[in-house]
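# 3D, please:
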Amino acid sequence: MRALIPLQLLLVHLQYVTLITNAHQQLLQCKDKPNYLLNKKNHKNCKWISDPKRFVKQCAKPGPQKHCRLSCGICCSDTNISQCSALTPKYKRCQEPSTAILCPKTCGVCCFDDTEYTYPTKKGADKKCAWMVGKTKRIRKHCKGVTKSKCGETCGKEGCIVTKVEDDDDDDGPSPPAPPVRELTFPPIIDNAVNGVLDMDLAHRYADFEGDMFRMTNARLLNGILPGPTIKVNAGDTLRILYKNEMTDQKLPETAENAYGYMDHTNLHFHGGHVSGELPSDDVRLKIPPGDSYQYQTTFPTTHMPGTHWVHPHVHGSSALQVSNGAALALIVKDPPNYLPSIIEQAKEVLMVLMDIDLERTKKVADAMKDGKFGYGPGRDGKDYKHRLVNGQYKPEVSARPNEWMRWRVIYAGHNHHPMDVRIRDKRCEMVLLAKDGIYIQDFPRPITVAPIPTSGRADLMVRCTTPGTYSVTTFSDDDSSPTLTIKISGTALPSTSLPTWTPEYPPYLHNLLTATVEPACTCDSQFSKCGDNPYLGCINNLPFHANKSIHSIELGKVVERRSNPQEHMYHQHVYPFQFQRYSKVDQPRIATEVKEYFKFGDWHDVIQMVGLEGNVEMRFHPREHLGLLMVHCHRLTHEDRGMMAWENVYDEGKLTCDCDIRDEIPLPIL
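This is a model prediction of the structure:
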C-alpha cells in the first residue's frame, strides 16, 4: 500500500501541471488581432474600440469579442469557477502564481502589457503602460477598466505570470485564418406556459449582424437576433404575444397594392399552425405601424398534432425583405409524454433554422422600396454574400457518437424559389424521414437519400453515422467540398439499434382523404403564373391579389380539392394543411426518383414544390374547425409581394356547397 502513495501523488501532480499548462495556454491567446478593422473605411480598430467612451457598446459585438479580446478585457477566464469564487474577499491567494493563472478573472490580472496601447490623461500627451511602472499613485489612479486589461502586467498583483504577446501576422500582410471548429448553437427558448397560457413579449427591430462572411446593418430581426427565440407550446395552449414594432417611420409615400413597400410595418404569421386566420390570431392583413404594438392571442386546438413550425412577418409588400434579412423563429408544438417510440423520444434533438442568404438580391428589393436603412458588407473572415446559414452560423458542426440517433428539426426559413436539397452522401450515415411540415408521416421509418424541402417547408429527420469521422451535409447542388454543415462523430460507440415501425394517430383535421368523395363544385384550380406580359406582377388564376376578393369559397365541413402547378412556384396554404393526392399526369419522368420518395401520395403538407412537374398536383383538405380567411400564395416571397397570392373563405351559412368563382366579400380586419 505504501508503494502506491508516491504514484498517487505523482498522478495528482501531473493533473495539476496539466491544468496549469492549459490555463497558461489560454492566457497566451489573450491578444488583439493587429489587422482587425471593425470598419475598414474609418479604420476603426481594436485601439479605437478600447476607448472608454466606446468600450461597453463596441465590446458587446461579435467581431470585437473575437478579435479584440485584450482590448475588451474578456480573454482572462477562470479555469475552475467554483474554486475561484471561493477565494477570500482580499484575494490573498491571488499572490500565488498558480492561483493567478487559474483564476485570472477573479484575481483581476491579465498578464500582458500591450506596447501599442495608449490612454488619455487630463494633463499632457496620451500615455503608455510603461509610464506607470513603479509608480504606485499612477497605478491606483489609472489601472481601471480598459487600461487594467491592456496594462495587465503593470496593473497586476504580485505573482502575476508574465507572458509574451506575439504578433499573429507576418510583415507581408494578414495570413488566411484557420477554419475554426464551430459547434452548432441554438436560439434561446421560450417555454414557460402557465395553466395553458404562454404569455411573452416579442419585438421587431433594427439590428446589426456580423457573421463570418458578411455583416448586415439595420437588419430587421425578431428580438434583434438571427434567428429569433424558439417558442414551444403544447396542443391546447393559448399563445399570447405582445408584439412591438420598434422600427421607425421613414416618411415614404404609401405603397401601391402588389408592389414592394411597408418595409417598416410588421405582423406575425404562425407558419404551419392549424390556428385561426382571423385576428387576434394569424391574420396577415394586419399592418402594425412603426412605434406601435399588437396583442396576439392564438389558441392551438387540443387536437393539434405535435410538430415543427416557424413564425415570420407577412406584411404584403415587405415579406421578402424582412424574411431575407433573417426575421424568423422556430415554433414547436411539443410531443406529449410517451407519444413517440422511445428511440425517437430519447434521440438527441437538433434544431436547424436554415437560411439561404443572397444579400445582393435583398438589397435590390430594399432599393426598390427606397429603403434608407438596410446595408451589408464583408464579415469577420471574408466576403461571401450568397451562402447558407444554420441558426445564424456559417458551416457549423454537429457532434454525436457512433450509432447515436439524432432528431433533426429542419426549418427552411426561406424566401426564394429553390428546394433545399439536404443530403449526406457518405454511406456510413443514414437519413430517415419522420415528419414533413410538422406532420408525422404514416409509413415511418422511410429511408431517404435527399430531403428536397420546399422554401418555407420543414422536415424532421432521424440521422445517424456509424463510424468516427467528419461527414459533410450539403444543400442545393453543392458538393462535399462546400458543406452547409458537418457532422463530427467521435467517442465510444453506442449499440446499433434499428428504428421501429410507427404510425401516429391522426386528429380529425388530418383524417385520410384519399378515398373521400369530392363534389365537382368543391374541385377548383389555383394556377400560379405571371400576369400576362407584366414580369413584375404575379397572379393566381390570372388575377393579381385583391384585398377584398376571394378566389374560392368553402362551406364548413366540405371536403375540397385543389389543382395547382408548383413547379417553378411553391404552393403554400395557411390555416389548413392539405393531403397530396396524385399527379394530373400519371407519368412524371422529369421528377427525380429521390423527390418521389420524399413526396408520396397521402402525405400532408402546408407547402409543396416539385421540380420537373408536368401538369398539376392534386391536393385535398377538410375545413372542420376554423371559419374565415385562409391565404394561398407562392412562397417565393418576391412573387407574393407582387401579387401572387389570394384568399379562400370558409363560411358556415347552411348552403352545403362550395364556389370556385371570385367573390367580392372580404371585410377589413377588426382590430
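
# contacting residues around residue 371?
Residue 371 makes contacts with 250, 263, 321, as judged by C-beta atoms under 8 Å, 6 or more residues apart in numbering. Just so you know, the C-beta spots here come from the backbone N, C-alpha and C atoms, and that holds for glycine as well.

# what helix or strand is it on?
Assigned by DSSP states H and E, residue 371 belongs to neither a helix nor a strand.

# before we move on, the earlier item: compare the contacts of residue 371 and tell me which has the most neighbours.
With neighbours taken as other C-beta atoms under 10 Å, the top of those is residue 321, carrying 29 neighbours.

# Quick one: list the elements packing against the helix or strand where it lies.
Per DSSP H and E: residue 321 is located in helix 319-325. If contacts are counted by 3 or more C-beta pairs under 8 Å, 6 or more residues apart in numbering; DSSP states H and E, helix 319-325 sits against strand 215-222, strand 307-312, helix 359-368, helix 637-641.

# Out of the contacts of residue 371, the closest to residue 230 would be?
residue 321 (23.1 Å; C-beta to C-beta).

# Find the nearest non-adjacent residue to the closest one, please.
Leaving aside its sequence neighbours, residue 321 sits nearest to residue 365 (C-beta to C-beta, 6 or more residues apart in numbering; 5.0 Å).

# per-residue pLDDT, the one you found?
Note on residue 365: pLDDT of 96.

# And for residue 127?
As predicted, residue 127 sits at a pLDDT of 80.

# re earlier: now tell me what touches the helix holding residue 321 from outside.
Residues outside helix 319-325 that contact it (C-beta under 8 Å, 6+ apart): 204, 216, 219-221, 260, 263, 266, 312-313, 315, 357-358, 361-362, 365-366, 369, 371, 374, 413-416, 637-638, 640-641.

# Which helix or strand lies directly C-terminal to that helix?
For helix 319-325, the following helix or strand on the C-terminal side (DSSP H and E) is strand 329-333.

# what about that following strand, average pLDDT?
Strand 329-333 carries an average pLDDT of 98.

# Give the other helices and strands that that strand contacts.
By 3+ C-beta pairs under 8 Å, 6+ apart, strand 329-333 packs against strand 230-233, strand 307-312, strand 348-358, strand 406-412.

# between those strands, which one is nearest to residue 46?
Per C-beta to C-beta, nearest to residue 46 of the helices and strands packed on strand 329-333: strand 348-358, 27.6 Å.

# tell me which residues in stretch 396-412 are buried?
396-400, 402-412 (16 or more other C-beta atoms under 10 Å).

# Take the contacts of residue 371 and lay them out in JSON lines including pLDDT.
Converted to JSON lines, the contacts of residue 371 look like this (pLDDT from 0 to 100):
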{"residue": "250", "pLDDT": "95"}
{"residue": "263", "pLDDT": "96"}
{"residue": "321", "pLDDT": "97"}
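
# Quick one: mean pLDDT over the strand ranked longest in the chain.
Longest strand of the chain, by residue count under DSSP state E: strand 197-210. Averaging pLDDT along strand 197-210 yields 96.

# Name the residues of it that are buried.
Buried residues in strand 197-210, counted by 16+ other C-beta under 10 Å: 198, 202, 203, 204, 205, 206, 207, 209, 210.

# List of residues touching stretch 396-404?
Applying C-beta under 8 Å, 6+ apart, the external contacts of stretch 396-404 come out as 181-185, 348, 350, 390, 406, 464-468, 470, 473, 485-497.

# can we see that at 6 Å?
Contacts to stretch 396-404, defined as C-beta atoms under 6 Å, 6 or more residues apart in numbering, come from residues 181-184, 350, 390, 406, 466, 468, 485-489, 491, 493-494, 496.

# now stretch 499-511
Contacting residues not belonging to stretch 499-511 are listed as 303, 305, 341, 440, 442, 444, 445, 604, 624 [C-beta under 6 Å, 6+ apart].

# Stretch 458-469 now?
Applying C-beta under 6 Å, 6+ apart, the contact partners of stretch 458-469 are 308, 402-403, 405-411, 428-429, 431-432, 434-438, 451, 453, 471, 487, 489-490.

# and stretch 555-564, how far apart are its ends?
End-to-end distance for stretch 555-564, by C-alpha to C-alpha, to the nearest Å: 21 Å.

# Oops, could you answer that again for stretch 470-485 instead?
Start to finish, the residues bounding stretch 470-485 are 10 Å apart (C-alpha to C-alpha).

# Now do the strands in the stretch 351-500 of the chain.
In the stretch 351-500 of the chain, the segments counted as strands under DSSP state E, counting those that start in this stretch are 375-377, 386-390, 397-400, 406-412, 420-423, 429-436, 439-440, 446-447, 450-453, 458-465, 469-473, 485-489.

# burial count for residue 503?
Count around residue 503 with other C-beta under 10 Å applied: 10.

# So if we follow the domain assignment, how does this protein break up?
Domain ranges of the chain: 15-155, 189-340, 345-359+376-489, 508-664, per automatic domain parsing.

# Make a markdown table from those domains and add distance to residue 501 to it.
Formatted as a markdown table, the domains of the chain follow (distance: least, C-beta to C-beta, whole Å):
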| stretch | distance to residue 501 |
| --- | --- |
| domain 15-155 | 46 |
| domain 189-340 | 13 |
| domain 345-359+376-489 | 7 |
| domain 508-664 | 16 |
